[in-house]
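Asker: with the sequence up front, the predicted model follows.
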Amino acid sequence: MLHPNNVKKVRLQKGFTQEVVAEKIHLGLRAYQKIENGETKLDLERMQQLATVFNVGLLDLVKTGDTVNIENINTNVGGISNNDVTINQNYSIEEVKATYQLLIEAKDEIIKTKNEEIEALKGQISYFKN
């Protein structure tokens, strides 16, 4: 899970107020405060938004020392979600990197398939126009 202490620490290091970060990720102030307080379960997309705003790697926001604590992360990829799965374990950074690499590969495969479907549909549209 996104480590709330890391979010606040990075935000302060970057000189951002909570209001600025909330606005940059299109959230209300209270919703962002819940992130820093560890009250909100985030999906990978929202975690990546924070990493982008702070210009840090995603692992910088989730690691605690040399390990990464992953808890209640919603890894919704291609409509497949683990909303019902709760993981409470510490993983090495290398294990987390490998997991994210697999997620990226799955996402890339989904995008490739969708692009192929789009091209096929474009061909059908062109066929019916003629």
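Answerer: Right, received. Where do you want to start?

Asker: what about residue 92, distance to residue 30?
Answerer: 35 Å (CB to CB, to the nearest Å). Yep, even glycine has a C-beta here, placed from its N, CA and C like the rest.

Asker: who has more neighbours, these two?
Answerer: The neighbour count for residue 92 versus residue 30, taken as other CB atoms under 10 Å, is higher for residue 92 (12 against 9).

Asker: separation between residue 10 and residue 112?
Answerer: 34 Å.

Asker: again with residue 50
Answerer: 28 Å.

Asker: more neighbours: which of the two?
Answerer: Comparing residue 50 with residue 112 by other CB under 10 Å, the one with more neighbours is residue 50, at 23 against 10.

Asker: that one reaches residue 62, doesn't it?
Answerer: No: counting by CB atoms under 8 Å, residue 50 does not reach residue 62; the two are 10.4 Å apart.

Asker: so which bits of the top helix by length along the chain are buried?
Answerer: Once the chain is assigned using DSSP state H, the helix that runs over the most residues is helix 93-129. Across helix 93-129, burial judged by 16 or more other CB atoms under 10 Å covers residue 96.

Asker: please apply the same query to stretch 20-34.
Answerer: Counting neighbours by 16+ other CB under 10 Å, stretch 20-34 gives 21, 22, 27, 32, 34 as buried.

Asker: can you give me the mean pLDDT across it?
Answerer: Averaged across stretch 20-34, pLDDT comes to 94.

Asker: pull up the distance across it, start to finish.
Answerer: Its first and final residues considered, stretch 20-34 spans 15 Å by CA to CA, to the nearest Å.

Asker: do you know the pLDDT at the residue most central in space within the chain?
Answerer: Most central in the chain under CA atoms, centre = their mean is residue 44, positioned 1.8 Å from the mean C-alpha point. On pLDDT, residue 44 comes in at 78.

Asker: swap in residue 2?
Answerer: 58.

Asker: so who does residue 16 touch?
Answerer: 53, 54 (CB atoms under 8 Å, 6 or more residues apart in numbering).

Asker: so it belongs to a strand, correct?
Answerer: No: per DSSP: H, G, I helix; E, B strand; the rest coil, residue 16 lies outside any strand segment and is coil.
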